[in-house]
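Sequence plus the predicted model coming up.
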Amino acid sequence: MPIICLPLNVQGIEEAIKKIISKYEILRTNFIEIDGLPFQKINPIDDVRFNITVDQVKSENVDQKIEQLLHTAFDLETAVLLRVQVLQLETNQFVLLFATHHIVMDGLSLEIFIAAFIQNYNNSEAFAINTEDRLPFQFKDYSEWFNRIAEEQAVKNELFWENYLEDYRPEPSFDHDSNSASDQQSGGKFLFELTAEDTLALKETALKEQVTVYTILMAALNVLICKFSSHNDICIGTVNSGRTIPELNNQIGMFAKTMVLRTKIEPEQTFVTLLKSTQDNLLEVNEYQDVPLTTFSKSVFDVLLVYQNPEFSFGDIEDLKGFKLTTYPIDSKYSRLPVVFNFFESDDKLKAIVDYNADLFDENTIEIITQKFSKILEQVISHPSVEIGGIDASLGFEKNTTFDFEFNF
(Lines give C-alpha, C1' and ligand atoms only; values in the text may rest on other atoms or scores of the structure.)
Protein backbone atom coordinates (compact mmCIF):
# COMPACT_ATOMS: atom_id res chain seq x y z
CA MET A 1 0.00 0.00 0.00
CA PRO A 2 1.63 3.33 -0.98
CA ILE A 3 1.35 6.04 1.61
CA ILE A 4 0.91 9.58 0.37
CA CYS A 5 2.02 12.76 2.24
CA LEU A 6 4.78 13.61 4.64
CA PRO A 7 6.02 13.34 7.31
CA LEU A 8 5.53 9.64 7.95
CA ASN A 9 5.41 8.70 11.61
CA VAL A 10 7.06 5.26 11.50
CA GLN A 11 7.18 5.00 15.28
CA GLY A 12 3.47 5.78 15.41
CA ILE A 13 2.76 3.02 12.90
CA GLU A 14 4.90 0.60 14.89
CA GLU A 15 3.20 1.41 18.19
CA ALA A 16 -0.26 1.17 16.61
CA ILE A 17 0.53 -2.33 15.35
CA LYS A 18 2.13 -3.39 18.63
CA LYS A 19 -1.11 -2.53 20.38
CA ILE A 20 -2.98 -4.87 18.03
CA ILE A 21 -0.42 -7.63 18.66
CA SER A 22 -0.89 -7.14 22.38
CA LYS A 23 -4.69 -7.37 22.11
CA TYR A 24 -4.83 -10.44 19.86
CA GLU A 25 -2.84 -13.41 21.16
CA ILE A 26 -2.94 -15.13 17.77
CA LEU A 27 -0.56 -12.45 16.41
CA ARG A 28 2.04 -13.44 18.99
CA THR A 29 1.48 -17.16 18.64
CA ASN A 30 4.04 -19.62 17.31
CA PHE A 31 3.46 -23.18 16.22
CA ILE A 32 5.75 -25.90 17.48
CA GLU A 33 5.90 -29.66 17.02
CA ILE A 34 6.03 -32.08 19.94
CA ASP A 35 6.14 -35.82 19.24
CA GLY A 36 4.85 -35.20 15.73
CA LEU A 37 1.87 -33.11 16.85
CA PRO A 38 1.44 -29.32 16.34
CA PHE A 39 0.87 -27.05 19.34
CA GLN A 40 0.26 -23.34 19.79
CA LYS A 41 2.83 -21.42 21.80
CA ILE A 42 1.58 -17.99 22.93
CA ASN A 43 4.28 -15.48 23.77
CA PRO A 44 3.90 -12.76 26.44
CA ILE A 45 3.79 -9.34 24.81
CA ASP A 46 7.03 -8.33 26.57
CA ASP A 47 8.84 -11.17 24.75
CA VAL A 48 7.60 -10.12 21.30
CA ARG A 49 10.23 -8.42 19.14
CA PHE A 50 8.33 -6.50 16.49
CA ASN A 51 9.83 -3.58 14.62
CA ILE A 52 9.48 -1.89 11.24
CA THR A 53 12.43 -1.50 8.92
CA VAL A 54 12.76 1.51 6.60
CA ASP A 55 14.62 1.14 3.28
CA GLN A 56 15.34 3.83 0.71
CA VAL A 57 14.66 2.46 -2.77
CA LYS A 58 14.06 3.70 -6.28
CA SER A 59 10.56 3.43 -7.72
CA GLU A 60 11.63 0.88 -10.31
CA ASN A 61 12.84 -1.46 -7.54
CA VAL A 62 9.59 -1.51 -5.54
CA ASP A 63 8.24 -4.68 -7.18
CA GLN A 64 11.50 -6.47 -6.43
CA LYS A 65 11.26 -5.50 -2.75
CA ILE A 66 7.65 -6.70 -2.62
CA GLU A 67 8.61 -10.05 -4.13
CA GLN A 68 11.40 -10.34 -1.57
CA LEU A 69 9.03 -9.75 1.32
CA LEU A 70 6.31 -12.06 0.02
CA HIS A 71 8.68 -14.94 -0.71
CA THR A 72 10.68 -14.84 2.50
CA ALA A 73 9.55 -17.85 4.53
CA PHE A 74 8.17 -17.41 8.03
CA ASP A 75 9.71 -19.34 10.90
CA LEU A 76 6.53 -20.73 12.48
CA GLU A 77 8.34 -21.75 15.68
CA THR A 78 10.10 -18.52 16.64
CA ALA A 79 9.19 -15.49 14.48
CA VAL A 80 6.34 -13.01 14.74
CA LEU A 81 4.07 -14.12 11.88
CA LEU A 82 3.55 -10.54 10.80
CA ARG A 83 6.01 -8.40 8.84
CA VAL A 84 5.79 -4.68 8.10
CA GLN A 85 8.34 -2.77 6.05
CA VAL A 86 8.47 0.83 4.82
CA LEU A 87 10.02 1.77 1.48
CA GLN A 88 10.97 5.42 1.05
CA LEU A 89 10.96 6.49 -2.61
CA GLU A 90 12.86 9.29 -4.31
CA THR A 91 9.46 10.89 -5.05
CA ASN A 92 8.87 11.57 -1.33
CA GLN A 93 6.27 8.82 -1.24
CA PHE A 94 6.31 5.81 1.01
CA VAL A 95 5.19 2.25 0.44
CA LEU A 96 4.00 0.36 3.49
CA LEU A 97 4.46 -3.38 2.95
CA PHE A 98 2.44 -5.80 5.03
CA ALA A 99 2.77 -9.59 5.01
CA THR A 100 1.35 -12.19 7.33
CA HIS A 101 1.01 -15.96 7.40
CA HIS A 102 -2.42 -17.33 6.50
CA ILE A 103 -2.29 -19.58 9.56
CA VAL A 104 -3.00 -16.55 11.80
CA MET A 105 -5.19 -14.33 9.63
CA ASP A 106 -8.01 -14.67 7.09
CA GLY A 107 -9.61 -12.01 4.87
CA LEU A 108 -12.07 -10.70 7.47
CA SER A 109 -9.21 -10.57 10.00
CA LEU A 110 -7.36 -8.23 7.65
CA GLU A 111 -10.35 -5.88 7.69
CA ILE A 112 -10.36 -5.97 11.51
CA PHE A 113 -6.61 -5.39 11.57
CA ILE A 114 -6.77 -2.34 9.28
CA ALA A 115 -9.69 -0.83 11.20
CA ALA A 116 -7.80 -1.31 14.49
CA PHE A 117 -4.64 0.14 12.95
CA ILE A 118 -6.49 3.29 11.84
CA GLN A 119 -8.06 3.73 15.28
CA ASN A 120 -4.77 3.16 17.13
CA TYR A 121 -2.73 5.41 14.86
CA ASN A 122 -5.24 8.25 15.11
CA ASN A 123 -5.21 7.93 18.91
CA SER A 124 -1.45 7.65 19.25
CA GLU A 125 -1.51 9.34 22.64
CA ALA A 126 -3.31 6.29 24.06
CA PHE A 127 -1.13 3.35 23.05
CA ALA A 128 -1.41 1.65 26.44
CA ILE A 129 -3.82 -1.28 26.57
CA ASN A 130 -7.01 -0.36 28.43
CA THR A 131 -9.09 -2.88 30.31
CA GLU A 132 -12.00 -2.37 27.91
CA ASP A 133 -9.69 -3.31 25.01
CA ARG A 134 -9.19 -6.80 26.36
CA LEU A 135 -11.05 -9.59 24.61
CA PRO A 136 -13.36 -11.91 26.57
CA PHE A 137 -11.69 -14.86 24.86
CA GLN A 138 -8.85 -15.52 22.40
CA PHE A 139 -8.27 -17.68 19.33
CA LYS A 140 -6.81 -20.46 21.47
CA ASP A 141 -10.17 -20.70 23.25
CA TYR A 142 -11.96 -20.90 19.91
CA SER A 143 -9.60 -23.61 18.64
CA GLU A 144 -10.24 -25.73 21.73
CA TRP A 145 -13.98 -25.29 21.30
CA PHE A 146 -13.80 -26.02 17.56
CA ASN A 147 -11.79 -29.22 18.07
CA ARG A 148 -14.30 -30.43 20.63
CA ILE A 149 -17.31 -29.64 18.40
CA ALA A 150 -15.62 -31.15 15.34
CA GLU A 151 -14.95 -34.36 17.27
CA GLU A 152 -18.50 -34.54 18.61
CA GLN A 153 -20.01 -34.01 15.15
CA ALA A 154 -17.40 -35.89 13.13
CA VAL A 155 -19.56 -38.89 12.23
CA LYS A 156 -22.59 -36.79 11.29
CA ASN A 157 -20.58 -34.32 9.20
CA GLU A 158 -18.50 -36.96 7.41
CA LEU A 159 -21.66 -38.92 6.55
CA PHE A 160 -23.26 -35.77 5.12
CA TRP A 161 -20.30 -34.99 2.84
CA GLU A 162 -19.97 -38.61 1.79
CA ASN A 163 -23.61 -38.63 0.66
CA TYR A 164 -23.43 -35.11 -0.74
CA LEU A 165 -20.54 -35.95 -3.09
CA GLU A 166 -21.60 -39.51 -3.85
CA ASP A 167 -21.07 -40.50 -7.50
CA TYR A 168 -19.65 -37.10 -8.39
CA ARG A 169 -17.15 -37.29 -11.24
CA PRO A 170 -14.88 -34.24 -11.45
CA GLU A 171 -14.39 -32.75 -14.91
CA PRO A 172 -12.68 -29.50 -15.95
CA SER A 173 -15.13 -26.62 -15.59
CA PHE A 174 -13.45 -24.86 -18.51
CA ASP A 175 -11.51 -26.58 -21.29
CA HIS A 176 -7.76 -26.09 -20.89
CA ASP A 177 -5.67 -24.42 -23.56
CA SER A 178 -2.54 -26.34 -22.56
CA ASN A 179 -1.65 -29.82 -21.40
CA SER A 180 -1.73 -30.08 -17.62
CA ALA A 181 1.40 -32.26 -17.74
CA SER A 182 3.46 -29.06 -17.99
CA ASP A 183 1.53 -27.35 -15.17
CA GLN A 184 3.79 -25.32 -12.87
CA GLN A 185 0.80 -23.40 -11.42
CA SER A 186 2.05 -20.08 -12.79
CA GLY A 187 -0.26 -17.24 -11.88
CA GLY A 188 -2.22 -14.95 -14.20
CA LYS A 189 -4.70 -12.17 -13.40
CA PHE A 190 -7.61 -10.62 -15.27
CA LEU A 191 -9.96 -7.84 -14.15
CA PHE A 192 -13.55 -7.33 -15.26
CA GLU A 193 -16.48 -5.35 -13.91
CA LEU A 194 -20.20 -4.72 -14.24
CA THR A 195 -21.54 -1.27 -14.97
CA ALA A 196 -22.92 0.78 -12.08
CA GLU A 197 -26.40 0.29 -13.55
CA ASP A 198 -26.04 -3.51 -13.72
CA THR A 199 -24.57 -3.57 -10.21
CA LEU A 200 -27.58 -1.68 -8.85
CA ALA A 201 -29.96 -3.97 -10.79
CA LEU A 202 -28.14 -7.00 -9.36
CA LYS A 203 -28.71 -5.74 -5.81
CA GLU A 204 -32.36 -4.97 -6.56
CA THR A 205 -32.85 -8.49 -7.94
CA ALA A 206 -31.27 -9.98 -4.81
CA LEU A 207 -33.61 -7.91 -2.64
CA LYS A 208 -36.67 -8.83 -4.69
CA GLU A 209 -35.88 -12.55 -4.71
CA GLN A 210 -34.79 -12.47 -1.05
CA VAL A 211 -31.37 -13.92 -1.71
CA THR A 212 -27.84 -12.56 -1.37
CA VAL A 213 -25.73 -11.08 -4.15
CA TYR A 214 -23.33 -13.96 -3.55
CA THR A 215 -26.14 -16.44 -4.24
CA ILE A 216 -26.87 -14.82 -7.61
CA LEU A 217 -23.17 -14.89 -8.52
CA MET A 218 -22.92 -18.55 -7.53
CA ALA A 219 -26.03 -19.54 -9.50
CA ALA A 220 -24.85 -17.57 -12.55
CA LEU A 221 -21.41 -19.19 -12.33
CA ASN A 222 -23.05 -22.61 -12.42
CA VAL A 223 -24.95 -21.55 -15.53
CA LEU A 224 -21.71 -20.31 -17.08
CA ILE A 225 -19.96 -23.65 -16.52
CA CYS A 226 -23.01 -25.51 -17.83
CA LYS A 227 -23.06 -23.39 -20.99
CA PHE A 228 -19.30 -23.38 -21.47
CA SER A 229 -18.57 -27.06 -20.86
CA SER A 230 -21.98 -28.77 -21.13
CA HIS A 231 -21.78 -30.07 -17.55
CA ASN A 232 -24.98 -30.39 -15.52
CA ASP A 233 -23.43 -31.81 -12.34
CA ILE A 234 -21.07 -29.13 -11.07
CA CYS A 235 -18.94 -28.57 -7.97
CA ILE A 236 -17.64 -25.09 -7.11
CA GLY A 237 -15.51 -24.08 -4.14
CA THR A 238 -17.12 -21.62 -1.75
CA VAL A 239 -15.54 -19.76 1.16
CA ASN A 240 -17.38 -19.45 4.46
CA SER A 241 -16.29 -16.94 7.10
CA GLY A 242 -16.37 -19.70 9.73
CA ARG A 243 -17.62 -17.17 12.28
CA THR A 244 -20.66 -19.10 13.38
CA ILE A 245 -21.40 -17.00 16.47
CA PRO A 246 -21.52 -13.16 16.78
CA GLU A 247 -18.70 -13.16 19.35
CA LEU A 248 -16.25 -14.19 16.61
CA ASN A 249 -16.98 -11.20 14.38
CA ASN A 250 -14.35 -9.00 16.06
CA GLN A 251 -11.71 -11.71 16.33
CA ILE A 252 -8.48 -12.04 14.33
CA GLY A 253 -7.49 -15.55 13.31
CA MET A 254 -7.89 -18.17 10.62
CA PHE A 255 -11.61 -18.92 10.82
CA ALA A 256 -12.44 -19.11 7.09
CA LYS A 257 -13.34 -22.49 5.64
CA THR A 258 -13.34 -23.59 2.02
CA MET A 259 -16.21 -25.92 1.20
CA VAL A 260 -17.85 -27.44 -1.86
CA LEU A 261 -21.20 -26.54 -3.38
CA ARG A 262 -22.64 -29.18 -5.69
CA THR A 263 -25.33 -28.15 -8.16
CA LYS A 264 -27.33 -30.19 -10.65
CA ILE A 265 -28.79 -28.16 -13.50
CA GLU A 266 -31.69 -29.01 -15.79
CA PRO A 267 -32.22 -26.93 -18.97
CA GLU A 268 -35.97 -26.58 -18.37
CA GLN A 269 -35.65 -25.14 -14.85
CA THR A 270 -35.87 -21.37 -14.48
CA PHE A 271 -33.07 -19.24 -13.09
CA VAL A 272 -35.30 -18.26 -10.15
CA THR A 273 -35.70 -21.93 -9.29
CA LEU A 274 -31.94 -22.40 -9.49
CA LEU A 275 -31.50 -19.30 -7.35
CA LYS A 276 -33.72 -20.61 -4.57
CA SER A 277 -32.11 -24.06 -4.62
CA THR A 278 -28.64 -22.44 -4.53
CA GLN A 279 -29.63 -20.42 -1.47
CA ASP A 280 -30.94 -23.55 0.27
CA ASN A 281 -27.83 -25.45 -0.82
CA LEU A 282 -25.50 -22.82 0.67
CA LEU A 283 -27.42 -22.81 3.96
CA GLU A 284 -27.31 -26.61 4.11
CA VAL A 285 -23.56 -27.00 3.55
CA ASN A 286 -22.91 -24.28 6.12
CA GLU A 287 -24.53 -26.53 8.71
CA TYR A 288 -21.78 -29.11 8.10
CA GLN A 289 -18.76 -26.82 7.80
CA ASP A 290 -16.94 -28.05 10.91
CA VAL A 291 -14.83 -30.69 9.19
CA PRO A 292 -11.06 -31.25 8.82
CA LEU A 293 -9.26 -29.52 5.95
CA THR A 294 -8.55 -32.92 4.42
CA THR A 295 -12.27 -33.61 3.88
CA PHE A 296 -12.25 -32.19 0.35
CA SER A 297 -9.82 -33.42 -2.23
CA LYS A 298 -8.37 -30.70 -4.47
CA SER A 299 -9.71 -32.63 -7.44
CA VAL A 300 -13.34 -32.16 -6.36
CA PHE A 301 -13.49 -28.56 -7.68
CA ASP A 302 -11.32 -26.44 -9.95
CA VAL A 303 -13.18 -23.12 -9.61
CA LEU A 304 -13.50 -21.03 -6.45
CA LEU A 305 -15.89 -18.11 -5.91
CA VAL A 306 -15.01 -15.44 -3.33
CA TYR A 307 -17.07 -12.34 -2.47
CA GLN A 308 -15.40 -9.65 -0.37
CA ASN A 309 -17.40 -7.99 2.40
CA PRO A 310 -19.15 -5.09 0.59
CA GLU A 311 -19.11 -2.97 3.75
CA PHE A 312 -15.31 -2.74 3.65
CA SER A 313 -13.11 -1.48 0.84
CA PHE A 314 -9.39 -2.03 0.41
CA GLY A 315 -9.33 0.99 -1.92
CA ASP A 316 -8.24 4.44 -0.79
CA ILE A 317 -8.27 4.76 3.01
CA GLU A 318 -8.23 8.41 4.05
CA ASP A 319 -9.16 8.10 7.72
CA LEU A 320 -5.56 8.35 8.93
CA LYS A 321 -3.99 11.51 10.35
CA GLY A 322 -1.48 13.01 7.94
CA PHE A 323 -1.62 10.44 5.14
CA LYS A 324 -3.79 8.04 3.23
CA LEU A 325 -3.43 4.44 2.10
CA THR A 326 -4.15 3.23 -1.39
CA THR A 327 -3.77 -0.31 -2.65
CA TYR A 328 -0.67 -1.21 -4.63
CA PRO A 329 -1.35 -3.78 -7.37
CA ILE A 330 0.90 -6.83 -7.42
CA ASP A 331 1.01 -9.64 -9.94
CA SER A 332 0.60 -13.10 -8.49
CA LYS A 333 3.22 -15.51 -9.76
CA TYR A 334 1.45 -18.57 -8.32
CA SER A 335 -2.03 -19.99 -8.86
CA ARG A 336 -3.52 -22.11 -6.09
CA LEU A 337 -6.42 -23.26 -8.32
CA PRO A 338 -7.14 -23.26 -12.05
CA VAL A 339 -9.65 -20.37 -11.72
CA VAL A 340 -10.59 -18.15 -8.75
CA PHE A 341 -13.20 -15.38 -9.05
CA ASN A 342 -12.56 -12.68 -6.42
CA PHE A 343 -15.56 -10.32 -6.41
CA PHE A 344 -15.57 -6.96 -4.62
CA GLU A 345 -17.31 -3.59 -4.83
CA SER A 346 -15.60 -0.33 -5.73
CA ASP A 347 -16.87 2.97 -7.16
CA ASP A 348 -20.46 1.63 -7.04
CA LYS A 349 -19.50 -1.20 -9.38
CA LEU A 350 -19.18 -4.92 -8.84
CA LYS A 351 -15.71 -5.92 -9.96
CA ALA A 352 -13.79 -9.18 -10.05
CA ILE A 353 -10.16 -10.14 -10.18
CA VAL A 354 -9.85 -13.53 -11.83
CA ASP A 355 -6.74 -15.36 -10.67
CA TYR A 356 -6.01 -18.20 -13.04
CA ASN A 357 -3.43 -20.85 -13.82
CA ALA A 358 -1.49 -19.40 -16.76
CA ASP A 359 -0.07 -22.85 -17.56
CA LEU A 360 -3.59 -24.09 -18.30
CA PHE A 361 -5.34 -21.03 -19.75
CA ASP A 362 -4.48 -18.28 -22.20
CA GLU A 363 -5.52 -14.77 -21.17
CA ASN A 364 -7.82 -14.64 -24.19
CA THR A 365 -9.75 -17.66 -22.89
CA ILE A 366 -10.20 -16.05 -19.46
CA GLU A 367 -11.44 -12.88 -21.17
CA ILE A 368 -14.03 -14.92 -23.09
CA ILE A 369 -15.11 -16.63 -19.86
CA THR A 370 -15.62 -13.26 -18.14
CA GLN A 371 -17.52 -11.85 -21.13
CA LYS A 372 -19.87 -14.83 -21.06
CA PHE A 373 -20.26 -14.48 -17.27
CA SER A 374 -21.19 -10.80 -17.69
CA LYS A 375 -23.67 -11.60 -20.45
CA ILE A 376 -25.37 -14.29 -18.33
CA LEU A 377 -25.61 -11.89 -15.38
CA GLU A 378 -27.19 -9.22 -17.56
CA GLN A 379 -29.86 -11.68 -18.76
CA VAL A 380 -30.77 -13.19 -15.41
CA ILE A 381 -30.93 -9.76 -13.78
CA SER A 382 -33.34 -8.54 -16.49
CA HIS A 383 -35.39 -11.75 -16.62
CA PRO A 384 -34.90 -13.93 -13.51
CA SER A 385 -37.69 -16.28 -14.65
CA VAL A 386 -35.84 -17.24 -17.86
CA GLU A 387 -35.29 -20.97 -18.39
CA ILE A 388 -31.67 -22.11 -18.15
CA GLY A 389 -31.89 -23.54 -21.66
CA GLY A 390 -33.03 -20.15 -22.94
CA ILE A 391 -30.04 -18.22 -21.59
CA ASP A 392 -27.76 -17.20 -24.45
CA ALA A 393 -24.07 -17.16 -23.45
CA SER A 394 -22.69 -16.96 -26.98
CA LEU A 395 -20.71 -13.88 -27.93
CA GLY A 396 -20.96 -11.81 -31.08
CA PHE A 397 -17.87 -13.19 -32.74
CA GLU A 398 -19.08 -16.76 -32.09
CA LYS A 399 -22.44 -16.08 -33.77
CA ASN A 400 -20.76 -14.49 -36.77
CA THR A 401 -18.23 -17.27 -37.29
CA THR A 402 -18.78 -19.17 -40.52
CA PHE A 403 -17.08 -22.39 -41.45
CA ASP A 404 -15.82 -23.08 -44.94
CA PHE A 405 -15.11 -26.77 -45.37
CA GLU A 406 -13.59 -28.21 -48.52
CA PHE A 407 -14.00 -31.95 -48.96
CA ASN A 408 -11.57 -33.84 -51.17
CA PHE A 409 -12.40 -37.45 -51.89
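Arrived safely, thanks for sending. Residues are numbered from 1 along each chain as shown.

dump the residue contacts of the spatially closest residue to Arg336 that is not a sequence neighbour.
Leaving aside its chain neighbours, Arg336 sits nearest to Gln185 (7.4 Å; criterion: Cβ to Cβ, 6 or more residues apart in numbering). (Glycine included, C-beta is placed from N, CA and C.) Residues near Gln185 by Cβ atoms under 8 Å, 6 or more residues apart in numbering: 334-336, 357, 359.

Repeat that for Asn250.
112, 135.

How much space separates it from Ala358?
38 Å (Cβ to Cβ, to the nearest Å).

what does Leu8 give?
Per Cβ to Cβ, Leu8 is found 36 Å from Ala358.

residues near Gln11, how many?
11 (other Cβ atoms under 10 Å).

whoops, Ile376 was the one
23.

Now the one residue sitting closest to the centre of the chain: closest residue in space that isn't a chain neighbour?
Centroid-nearest residue in the chain: Val306, 5.0 Å away (criterion: Cα atoms, centre = their mean). Nearest in space to Val306, with sequence neighbours left out and distances taken as Cβ to Cβ, 6+ apart, is Asn342 at 4.9 Å.

Model confidence at the residue nearest to the centre of the chain, what's the number?
We have a pLDDT of 94 for Val306.

What of Leu69?
87.

same thing with Gln85?
91.

can you pull the contacts of it?
Taking Cβ under 8 Å, 6+ apart as the criterion, Gln85 is in contact with 52-55, 65, 69, 96-97.

among those residues, which are in strands?
Of these, the ones assigned to strands by DSSP state E are 53-55, 96-97.

Quick check, Leu89 in contact with Glu60.
No: checked against Cβ atoms under 8 Å, the pair Leu89 and Glu60 is beyond contact range at 9.9 Å.

Between the two, tell me which one has more neighbours.
Leu89 (16 against 8).

Need the per-residue pLDDT for that one.
88.

And for Ile236?
97.

can you count the residues close to it?
Quick note: Ile236 (other Cβ under 10 Å) scores 22 neighbours.

Could you list the paired strands of the one helix or strand it maps to along with their orientation?
Using DSSP states H and E, Ile236 sits in strand 233-240. Partners of strand 233-240 in the sheet, by DSSP bridges, are strand 257-264 (antiparallel), strand 303-307 (parallel).

follow-up on the earlier one: now the ones in strands among the contacts of Gln85: which count as buried?
Buried members of the ones in strands among the contacts of Gln85, scored by 16 or more other Cβ atoms under 10 Å, are 96-97.

a markdown table for the ones in strands among the contacts of Gln85, including distance to Tyr214 and pLDDT?
Below are those laid out as a markdown table (distance: Cβ to Cβ, whole Å; pLDDT from 0 to 100):
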| residue | distance to Tyr214 | pLDDT |
| --- | --- | --- |
| Thr53 | 39 | 89 |
| Val54 | 40 | 91 |
| Asp55 | 40 | 91 |
| Leu96 | 31 | 85 |
| Leu97 | 31 | 88 |
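
just checking, Ile103 touches Met254?
Yes: between Ile103 and Met254 there is a contact under Cβ under 8 Å: 5.8 Å.

I'd like the distance from Tyr168 to Thr263, if you could.
11 Å.

And for Val285?
Val285 is 11 Å from Thr263, by Cβ to Cβ.

Please apply the same query to Ile34.
Ile34 is 43 Å from Thr263, by Cβ to Cβ.

higher neighbour count, those two?
Thr263 (21 against 8).

Surely that one touches Thr278?
Yes: here Thr263 reaches Thr278: they are 6.7 Å apart, a contact under Cβ under 8 Å.

Name the residues contacting each of those two.
219, 222.

still on that earlier bit, how about the residue nearest to Val306, secondary structure?
strand (DSSP: H, G, I helix; E, B strand; the rest coil).

end-to-end on stretch 32-43?
12 Å (Cα to Cα, to the nearest Å).

per-residue confidence averaged over that stretch?
92.

mind listing what's buried in that stretch?
Buried-residue list, stretch 32-43, by 16+ other Cβ under 10 Å: Asn43.

can you give me how far that stretch is from the chain middle?
28 Å (Cα atoms, centre = their mean, to the nearest Å).

pLDDT weak spots in the stretch 201-350 of the chain?
292-294, 297-298, 310-320, 322-324, 327-329 (pLDDT under 70).

ok, back up a step: may I see the strands paired with strand 233-240 organised as TSV, with distance to His231 added?
Putting the strands paired with strand 233-240 into TSV (distance: least, Cβ to Cβ, whole Å) gives the following:
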stretch	distance to His231
strand 257-264	10
strand 303-307	11
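
what's the closest of these to Leu221?
strand 303-307 (5.8 Å; Cβ to Cβ).

Can you tell me what sits against that closest one?
By Cβ under 8 Å, 6+ apart, strand 303-307 touches 107, 173-174, 213-214, 217-218, 221, 225, 236-239, 258, 337-344.

try it again with 7 Å
173, 214, 217-218, 221, 236-239, 337-343 (Cβ atoms under 7 Å, 6 or more residues apart in numbering).

among these, who's most crowded?
Neighbour max across these (other Cβ under 10 Å) = Val339, 26 neighbours.

Could you pull up the contacting residues of that residue?
Counting by Cβ under 7 Å, 6+ apart, Val339 touches 174, 302-303, 354, 356.

How about Asn281?
Taking Cβ under 7 Å, 6+ apart, one finds 261, 263 in contact with Asn281.

wait, Lys372 sits on Val223?
No: applying Cβ atoms under 7 Å as the test, Lys372 and Val223 come out as separate, 9.5 Å apart.

what about these two, which has more around it?
Val223 (24 against 19).

List the contacts of the more buried one.
376, 388, 391.

What about those residues, which are in helices?
Ile376 (DSSP state H).

ok, the contacts of Val223 vs Glu15, which is closest?
Ile376 (49.6 Å).

what about Glu111, is that helix, strand or coil?
helix.
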